[in-house]
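**Q** pasting the sequence and the predicted coordinates here, then a few questions.
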Amino acid sequence: MSRLTAITGLNRDEVETRLHQLGEPDYRATQILDWIYAKGAMDFEAMTNLPAALRSKLAERFTISPLRSVEGTRSGDTTRKYLYQLHDGRYIETVLIPASPALYGESSDRYTLCVSSQVGCAYGCKFCASGLDGFARNLDAGEIAAQVLAAGEESGKKINNIVFMGMGEPLANLPNLLKAIAIINAPWGIGIGARHMTVSTSGLAPQIREFADQPLQVRLAVSLHGASDEVREKIMPVNKKYPINELLDSLRYYNSKKKQKITFEYILIEDINDSEEQARSLATLAYSLNAKINLIPYNKVEGLPWARPSEAVQEDFLNTLTSRGVHATLRREKGHDIEAACGQLRLRKEQEG
Ligand code: SAH
Ligand code: SF4
């Protein structure tokens, strides 16, 4: 596969510099970026206001997107899952999620894209498919940003919300993540507002501080999944490195720097973290940080022993939180089985091949 430089990984200055090296003026960069990000051109031949000789020079040196689409699947509720192959033959997945009609109405044009940041994951949470095969490598900025372009092109939908909740730990790949966010955010680039992007982390405290120091108002979600060290440690090895107190310190720092509310993600796993006592501790913790809680019934991963609790247990857990004045939601939609448990489609593909 091609190892040409991907334009989706370059910021505007870098595109200009590359064009200077080819003896071209700055306005060529404007033209090319406009073709890619405003007009959706996926090859240089389509750029009809560029001289033919420049188009072929560009095609010899660059590619627009470094991703090769391998397959797409759909679930009943029109969630779509895309599998992309990278230049080294590895796979990543990207999931397009239409807004829930229950929350946003039947005619909503809100589309959220769940983007991967690494191939595999080194953090080995016990319930997650992404870490099952360990960590392979970081995605570069072009591979991250191109997912938005490629999924937009394949679906024909305008993506207006990004969640870094696909495969990998985004804060373990911070420089590439930040560069990709800048390209996704830029007016000359994909043009999605920072407040419409959410980075999800398993709780890397030092990187949360670094992330808080960035100027963009990107949102932060923290995968908590346990409200005490004892419970969290059982399912998230990262808790040994950054126990809850240390994590909370970094989140207080984040709160001191940003206006956005933090979101705690909490997967409900039967008999592991779904007790009344955990719900009470979680409420205290979230209240102290003015954080929202997003409860997600566990999505079964083949080969792993975990299950989701009954709906009654889920509702009780939610009630314990809300009765304590905490803003909490429970994902109740059906048919979203394809969307959660990111990492499974790619795992199957790697096992086949
Ligand atoms: N590494 C980051 C982002 C990717 S995971 C993080 O851990 O936050 C995105 C979310 O999906 C996390 O909250 C993760 O805990 C959750 N998740 C992983 N496996 C899941 C499963 N089988 N069912 C439901 N949620 C899952
Ligand atoms: Fe990695 Fe996040 Fe999965 Fe944990 S939940 S293994 S940090 S991708």
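**A** Noted; the coordinates are in hand. Numbering: from 1, shown residues only. Ligands and ions are numbered 1, 2, ... in the order given.
**Q** so what's the gap between the helix or strand harbouring Lys81 and the chain middle?
**A** Using DSSP states H and E, Lys81 sits within strand 80-85. Centroid separation between strand 80-85 and its chain, computed with Cα atoms, centre = their mean, to the nearest Å, is 14 Å.
**Q** name the helices or strands packed onto that strand?
**A** The criterion is 3 or more Cβ pairs under 8 Å, 6 or more residues apart in numbering; DSSP states H and E, and the helices and strands that strand 80-85 contacts are strand 68-74, strand 91-98, helix 141-155, helix 344-352. From N, CA and C alone the C-beta is placed, and that goes for glycine too.
**Q** 6 Å - rerun?
**A** Where contact means 3 or more Cβ pairs under 6 Å, 6 or more residues apart in numbering; DSSP states H and E, strand 80-85 is packed against strand 68-74, strand 91-98.
**Q** relative to it, what are the paired strands and their orientations?
**A** Using DSSP bridges, the strands paired with strand 80-85 are strand 68-74 (antiparallel), strand 91-98 (antiparallel).
**Q** tell me the most buried of those strands?
**A** Highest mean neighbour count of the strands paired with strand 80-85: strand 91-98, a mean of 24 (counted as mean count of other Cβ atoms under 10 Å).
**Q** returning to that earlier point: would you list the helices and strands packed on strand 80-85 in TSV and tack on distance to ligand 1 and mean pLDDT?
**A** Putting those into TSV (distance: least, Cβ to the nearest ligand atom, whole Å; pLDDT from 0 to 100) gives the following:
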stretch	distance to ligand 1	mean pLDDT
strand 68-74	17	79
strand 91-98	11	90
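**Q** Ser202: which of those strands is closest?
**A** strand 91-98 (18.0 Å; Cβ to Cβ).
**Q** the closest one vs ligand 2: in contact?
**A** No: judged by Cβ under 6 Å from any ligand atom, strand 91-98 stays clear of ligand 2, getting no closer than 11.9 Å.
**Q** would you mind giving the helices and strands packed on strand 80-85 as TSV with distance to Ile208 added?
**A** Below are the helices and strands packed on strand 80-85 laid out as TSV (distance: least, Cβ to Cβ, whole Å):
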stretch	distance to Ile208
strand 68-74	33
strand 91-98	24
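**Q** of those, which approaches Val313 most closely?
**A** strand 91-98 (25.2 Å).
**Q** need the residues that contact stretch 262-280.
**A** 220-227, 231, 251, 286, 289, 291-298, 306-307, 309, 313-314, 317, 320-321 (Cβ atoms under 6 Å, 6 or more residues apart in numbering).
**Q** of those residues, which belong to strands?
**A** Leu220, Ala221, Val222, Ser223, Lys292, Ile293, Asn294, Leu295, Ile296, Pro297 (DSSP state E).
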